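In: Pasting the sequence and the predicted coordinates here, then a few questions.
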Amino acid sequence: MFNRFLNKRKSLTVQTSLLIILVITVALVISTMLFYYKADMELTVHYRDQMFQESNITMNALSDNIDSIDSIYRLLISNDTIYGFMTSSSKKPSDYIAAEKQMTSILILNNIWEKNYLRSVYVYTNNNKKFYVSKEDNIITTEENAAVYRNLTEPSPTLTLHTLDTSNDLYFVRTIYNISSGEVIGTMIITINQKEWVNMLTRNITKGWHILMYNNNFETISDYNYDDKSKENIENLKESLDYYNDTVFHQVNFQSMDYLTLSNKLRKVDISATIMAPKSQISRQVNEVLNSYIIVVILIVVLVVMIAFAISRYITRPIGTMINSIKQISNGNYSEKVTGLEEYEEFYYLQVAINDMLDQIHSYHNNVLEQNISLKTAEIKALQSQLNPHFIFNVLNTLTWKAEMSDNTELYQMAIAIGEIFKATTAYRNSQYISIAEELKFVKFYIYLQQMRFEDKISVNFDIDDNLDDINIPCFCVQTLVENAYVHGLEPKDTNGHLTISIKRDNENKFLLINITDDGIGFEKIPNFDINVASKGTTSAVIGSRPHIGLKNLNRRLFLMYGEDSVLHIESIPKIRTTISFKIPL
């Protein structure tokens, strides 16, 4: 049975090992989480610094290119041939050729024409003249520039950016004014190859990052090749970029990917540039760093498991020794004492205690035989004592019969009273409760016997509420107090005495109030009963030799049955009045 009991329990060695592993594993997991959080924060800060630097580089490059493009305007109006042709009404072919040659020379001399992204420069005058230079002299370029010119709704005193849905080129437009009068005399349109220009601006951008440029109308310029699906989602991205059009870092979602963004705006042409760095790059780098850390953590866990089992075996070794000793004891071998635990202070005390217990078991076995003999002796005496009540009843019946036959009424009544009292003590000796009617019946038998003894010296008055006969109270509680009043109060008194027995309900009908009052000699000092200790002996047998044993036992019974609120309460004015009372809940 002992082995089956052990098999139902987990091994303490395993539990100790698991506990050590759990604690260290939790610590490692928490440290890993903190490491991941720290690495993510540091890499994010690094990415933000890098984005800030690349954003500044891009904006500086953009500003330089815009200045270079805008310089074409100043070169054109500062050339007398070109400016004169724009302000004159001449439409001679030779004048067109001269103006266009001047434009070509200016662009070449100022190293503008050699830029890969510059495609053409068109000038439209208010007197319906058009002259231009173009690297691709075709009808499509001319029609696209004409379309941009037709779409203009208001003058552009500064360089502005325009796009066409049908073209991938960018169109920078600026209105040309008369130097003297300030009147509008024409419009300059510079065509830029979007792909070449963006590639030039973003050549220093980190791989995997994107740059999105757009004007105030959110006409988008980017190094990202959007497909049809992404074009459907670009509006949501534009709204986010419009909301975050500042130099603060933000996170946006585009094409199911999270991007860290930083926006800058070039005020001179109202072009904004947003650097977009995928958050996945940060996570990937964090994971790369974390992978090496996790390998170290795994090695630590393996080492911890080995150490934990070694430590747990060392810790639980004395417990194993103790278990083996207990097995021997459970098999009935009490001669083998526990040894081998002297080096462990706590287990040494346990070893001493178990060995002392074994010594006590030996003593116990030696006493068992004596106890069995004593028990048999007590059983024999108990059987003999059961004959005594039967014998006493027979004697009382004989006395009663003799008194009746001799017409001795007083002796007959006294014999009946003694018999009833003895019958009550026998019948209720194993009972806790008795009805008030039965209790008062036996009290009256006791009072009758005392009256036969003292004749008219002691008078008794009963003050009992109606309808209390069937209420149960502790057995002989009233009889004990009445006996105490006679023996310790009224009997030593030289003159006549009076006894009052009162049983009433309280005003709220929650408690039964029992008061026994006499005018005997009373108490010189009110006894203080210890409710935690019961007195030995019976109420009537030793009351003379050990005063108040009956009161002490009754007080103890009331406390155990009803609590501290129901213990005896004694008020005494010596030789005048003594009242002993208690209450029990209804």
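Out: Noted; the coordinates are in hand. Since the structure is predicted, the reported quantities are computational estimates derived from the model, not experimental observations.
In: Endpoints of stretch 182-199, how far apart?
Out: End-to-end distance for stretch 182-199, by CA to CA, to the nearest Å: 38 Å.
In: Residue 578: helix or strand, and which one exactly?
Out: According to DSSP states H and E, residue 578 maps onto strand 577-585.
In: For that strand, buried residues please.
Out: 577, 578, 579, 580, 582, 583, 584 (16 or more other CB atoms under 10 Å). Where C-beta positions appear, they are placed from N, C-alpha and C, glycine not excepted.
In: can you put the residues you listed in JSON lines and add pLDDT?
Out: Below are the buried residues of strand 577-585 laid out as JSON lines (pLDDT from 0 to 100):
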{"residue": "577", "pLDDT": "92"}
{"residue": "578", "pLDDT": "93"}
{"residue": "579", "pLDDT": "95"}
{"residue": "580", "pLDDT": "95"}
{"residue": "582", "pLDDT": "95"}
{"residue": "583", "pLDDT": "93"}
{"residue": "584", "pLDDT": "92"}
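In: want to throw those residues into a markdown table with distance to residue 357?
Out: Output for those, formatted as a markdown table (distance: CB to CB, whole Å):
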| residue | distance to residue 357 |
| --- | --- |
| 577 | 59 |
| 578 | 54 |
| 579 | 54 |
| 580 | 49 |
| 582 | 46 |
| 583 | 48 |
| 584 | 46 |
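In: Now do the strand holding residue 578: which elements does it pack against?
Out: Where contact means 3 or more CB pairs under 8 Å, 6 or more residues apart in numbering; DSSP states H and E, strand 577-585 is packed against helix 477-484, strand 511-518, helix 549-562, strand 569-573.
In: Closest to residue 521 out of the buried residues of strand 577-585?
Out: residue 578 (8.3 Å; CB to CB).
In: which residues does the closest one contact?
Out: Going by CB atoms under 8 Å, 6 or more residues apart in numbering, residue 578 touches 485, 489, 517, 518, 519, 520, 522, 523, 570, 571, 572.
In: Please, a PyMOL command that selects the buried ones among these?
Out: Buried subset of those, written as a PyMOL selection, criterion 16+ other CB under 10 Å:
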select buried, resi 485+489+517+518+519+520+522+523+570+572
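In: Just give me the closest of the contacts of residue 578 to residue 16.
Out: Nearest to residue 16 among the contacts of residue 578, counting by CB to CB, is residue 570 at 62.2 Å.
In: isn't that closest one right up against residue 582?
Out: No. Here residue 570 does not reach residue 582: they are 9.9 Å apart, not a contact under CB atoms under 8 Å.
In: So which residues make contact with stretch 348-364?
Out: 322, 325, 326, 329, 334, 337, 338, 339, 341, 342.
In: Span of stretch 171-182 from start to end?
Out: 24 Å.
In: in it, what's buried?
Out: 171, 172, 173, 174, 175, 176.
In: Give the other helices and strands that the helix or strand hosting the second one contacts.
Out: The secondary structure element spanning residue 172 is strand 169-177 (assigned by DSSP H and E). Packing contacts for strand 169-177, counted by 3+ CB pairs under 8 Å, 6+ apart, involve helix 12-78, helix 139-151, strand 160-163, strand 184-193, helix 194-201.
In: could you give me the average pLDDT of the shortest one?
Out: Going back to what we said before, that points to strand 160-163. Mean per-residue pLDDT for strand 160-163: 85.
In: now swap in the second one and tell me
Out: Computed over helix 139-151, the mean pLDDT rounds to 87.
In: and what of the last one?
Out: What helix 194-201 shows for mean pLDDT is 82.
In: What of the first one?
Out: For helix 12-78, mean pLDDT rounds to 80.
In: Same check on stretch 123-133?
Out: Stretch 123-133 shows a mean pLDDT of 91.
In: Kindly report the same for stretch 288-299.
Out: For stretch 288-299, mean pLDDT rounds to 76.
In: Lovely, talk soon.
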